[in-house]
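Enquirer: got a predicted structure here, sequence first:
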Amino acid sequence: MDRRDFLKAIAVAGATITVKPSEAMHILTQRSQGPATEGPVDMVAVMGGEPEAMFQKGIEELGGIRQFIRAGQRVVVKPNIGWDKRPELAGNTNPALVAEIVRQCLGAGAKEVVVFDHTCDECRKTYKSSGIEEAARAAGATVVHADQESRYRPVSLPLGKSLKETKIHEAILDCDAWINVPILKHHGGANLSISMKNYMGIVWDRPYFHSHDLQQCIADVCTFSKKPVLNVVDAYRLLKTNGPQGRAVSDAVLTKGLFMSHDIVAVDTAAARFFNQVRNMPLDQVGHLANGEALKIGTMNLDQLNVKRVKL
Amino acid sequence: MLKKVRVGVSAAACVLITFYFIDFAELMPHYFGWLARVQLLPALLSRGVLAVVVAWLLLTLAVGRVYCSSICPMGIFQDLVAWISRRAGKKRKRYRYRRPRVVVRVLALVVPMVLFWTGFPLLLGLLEPYSAYGRMVTAVFKPLYMAGNNLLEAFLSLFNHHALYRVGIFVQSLSALLVGLLTLAVIGALAWRYGRTWCNTFCPVGAVLGFLSKYSLFRVRLDADKCTRCGACAARCKAGCIDSKEKRVDGSRCVACFNCLDTCKFQALSFSLAARRRAGVGEAGVADASRRRFLLASAATAVAVPGALAAAPLKLVTGTTERRKQFPVAPPGAVSYEHLSSHCTSCHLCVSKCPSRVLKPAFMEYGLGGMMQPTVYYEKGFCNYNCTVCGDVCPNGAIHSLTTEQKQMTQIGHVVFVEELCVVITDGTSCGACSEHCPTQAVTMIPHRDGLTRPHVDTSICVGCGGCEYICPVRPLRAIYVEGHPVQAERAAFTEEEEKEVIIDDFGF
């Protein structure tokens, strides 16, 4: 049984469970869970270190970067570089984390690592002030702009409900593997912005999302056939208020967390629960999580997964 | 020798300022802004660098119109056109003496200036050579440069080279493109056929400096004793100011290009002090007559223009599909419509340099007189919260240079929310694009129903950046937009919540 089959099985198993687990059951299942605590690790949660150290530890728990990236592959690392903000303001993915992932991919023999985002603020500014352009280049990545529609090609999303087709950036379409590297943020529109929301940085027409049920469109775009080989949620600093931009350092909290999984719904659920320790955000209000689960792209039921928790 | 120096300086000045204008990739450091700040009218209007104005006037009194020759980019551009035209035909072009057009020249100075000071800046902006050149470059040459960049980028990416990036090229303002093309056509055609006719007929800066250069200490002089009236010099004079029949050089129109000096086989021409002037020869006759006409015309127009100006203000209908705003938005640091109007000559350096492409030349937003002056619009982008470029580059002092802190406090407009158009209200689905793009959270999302959130605006902390208007997905009319402030204000300070220390030492799941 390979990873994918395993996850599929888990997803099916999760879907058959109709009883909503209560807090008490939550603890029970966590303990009594047989199969999920053995075999390959589905998700890693790391706390308490610097971004590079946490990623190194996390990827080691997942069996190393070579489980995801093979020699000769063209790889895309897709952080959130949406805003013209310094790293301290937690508007963009941590540059040190991006650089470490780039280094590891190249170390695994990747032919090329491309870093890009379809930014909200003007991209030359966001690439610069986020520190990502400089850090990723220094690590050996190719940093490309994504502000021209001509760089996007239409794809169909047969599984989508509101979003049936959209234009996706050629770097994603042409790569062999991509790694999704969002930052955990409060978000005025989607309530939380994590891995699934980070997909909006690979598409051209975002206003369509906003005018056609944002929470559904976010889940729909995640049905795109080329899934990220890994989702790495940066929660080194999380943005608790005034997201997704933040307007002052006081909006950010230094939480030193990192979550990694192939299951995008699961990793976002885990990150959302982590966020709830800082600020209350009911998971049913982060509608794209449940919508994603309904589309069978992942599970919100973390108890079904073999989650490895590591504190540095 | 003098000519070689002139050509060298001119070529450098023109190449540098042209590149400064079209340099979208910001390869040229910001301090090259002095290229624009040393231009005469901008320096005069900005008032901060009056020393520059005085320096140019003194230099002109000393050695003639070297400003027109080597600093004014429109002058150098005309030289380039004339140079090509001289070599284009089978036979080399020969210039000839043209009579002075003093009345037109005076009108071209006085009418625009009076209009400018009475609140109608358009005409001065159109005639002022630096601004006319800036508009031409921004509207016509910059898109060509960008297209060249895109071609080269496409070529390099074939070899997997990503040093360049593709840029979007679009017509920001049809009126500005037409004005730019018209400027290119008219001044280009005049330069092609007659050399520096523009400078000595329609250019207000040329009129002022010409008035001074007539009395310059050093100027091109013709020694009547040596002159044989062969006309070789006049054939080379692109200003058409050497009258070899009368053995006279009109110092008012000479642009100090020094092309004539080496053409005379008899060394009758020299760039020298007035010492060798002899009775009966020289410029005195012409000078007196033209001065009289100059002064007379000045007085006449100064009296006539304000009357003509009192005519009813023109209001034309614009053909845009955008919402008709009650008040246009002026760039941050423009202080007020009035300040902008009384300082800006529409060189479009701000328009060209704006990284967010949120500035465009106005059509009728400010009325007819303010046509071509920069206005903020949110079709292609929104004003970056941290950016101060427009004020930093403005050579006229029309847009004040702001610190980042000042910029972030400057309210260029305020947000207006149209609830009945909002997608959250009409469709019952989540959106929040406006709040997402709001840097000050003047637009926040508050509980609506069924876990949905809807926009709520606080205009007191709005800076008018237009992020909300730009991103709002509702069409044809957006559900949220920015109304401009005729006088820019300061936004209110944020009310920061009490910070309580949060320590997270568990995963939460």
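Expert: Ah, there it is. Residues are numbered from 1 along each chain as shown, chains lettered A, B, ... in the order given.

Enquirer: three-state assignment of the residue of chain A at minimum distance from chain B?
Expert: Of all residues in chain A, A:G189 sits closest to chain B, at 2.5 Å by CB to the nearest CB. Where you see a C-beta, it was placed from the backbone N, CA and C, and this is true even at glycine. At A:G189 the chain is in coil, as set by DSSP: H, G, I helix; E, B strand; the rest coil.

Enquirer: contacts only, for it.
Expert: By CB atoms under 8 Å, 6 or more residues apart in numbering or on different chains, A:G189 lies in contact with A:210, A:214, B:430-433, B:435-436, B:445.

Enquirer: can you list these in a markdown table and add distance to A:I264 and neighbour count?
Expert: A markdown table is the format used below for the contacts of A:G189 (distance: CB to CB, whole Å; neighbours: other CB atoms under 10 Å in any protein chain shown):
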| residue | distance to A:I264 | neighbour count |
| --- | --- | --- |
| A:H210 | 21 | 26 |
| A:L214 | 17 | 29 |
| B:S430 | 19 | 28 |
| B:C431 | 22 | 33 |
| B:G432 | 21 | 27 |
| B:A433 | 22 | 28 |
| B:S435 | 25 | 29 |
| B:E436 | 21 | 25 |
| B:M445 | 24 | 23 |
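
Enquirer: quick one: pLDDT of B:L59?
Expert: Looking at B:L59, its pLDDT stands at 95.

Enquirer: other SSEs contacting the helix or strand where B:V424 lies?
Expert: Mapping B:V424 onto the secondary structure by DSSP states H and E places it in helix B:423-427. Contact analysis of helix B:423-427 by 3 or more CB pairs under 8 Å, 6 or more residues apart in numbering or on different chains; DSSP states H and E lists helix A:206-211, strand B:453-457 as its packing neighbours.

Enquirer: middle-most residue in chain A, spatially?
Expert: Centroid-nearest residue in chain A, with CA atoms, centre = their mean: A:S195, separated by 2.6 Å.

Enquirer: now do the strands in the stretch 1-150 of chain B.
Expert: Taking DSSP state E, counting those that start in this stretch, the stretch 1-150 of chain B contains no strands at all.

Enquirer: pull the contacting residues for B:T60.
Expert: B:T60 is in contact with B:66-67, B:209, B:212-213, B:216, counting by CB under 8 Å, 6+ apart.

Enquirer: my read: the residue nearest to the centre of chain A touches A:V233, true?
Expert: Yes - A:S195 is in contact with A:V233 according to CB atoms under 8 Å; the separation is 6.0 Å.

Enquirer: show me the common contact partners of the two, please.
Expert: Shared contacts of A:S195 and A:V233, counting by CB under 8 Å, 6+ apart, come down to A:182, A:267-268, A:271.

Enquirer: now, which of those lie within helices?
Expert: A:267-268, A:271 (DSSP state H).

Enquirer: quick check: residues of the stretch 101-250 of chain B near chain A?
Expert: Those residues of the stretch 101-250 of chain B that sit near chain A, judged by CB under 8 Å from any CB of the partner chain, are B:160, B:162, B:165-168.

Enquirer: buried members of those residues into ChimeraX, please.
Expert: Selecting only the buried entries of those in ChimeraX, with 16 or more other CB atoms under 10 Å in any protein chain shown as the criterion:
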select /B:165,166,167
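
Enquirer: want to throw the residues of the stretch 101-250 of chain B next to chain A into CSV with secondary structure?
Expert: Output for those, formatted as CSV (three-state DSSP):
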residue, secondary structure
B:N160, coil
B:H162, coil
B:Y165, coil
B:R166, coil
B:V167, coil
B:G168, coil
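
Enquirer: any regions of the chain where pLDDT drops low?
Expert: Just so you know, I chose chain A. The model of chain A has pLDDT under 70 over residues A:1-38.

Enquirer: that was the other one, I meant chain B.
Expert: B:48, B:274-323, B:497-500.

Enquirer: residue closest to the middle of it?
Expert: B:C347 (0.6 Å).
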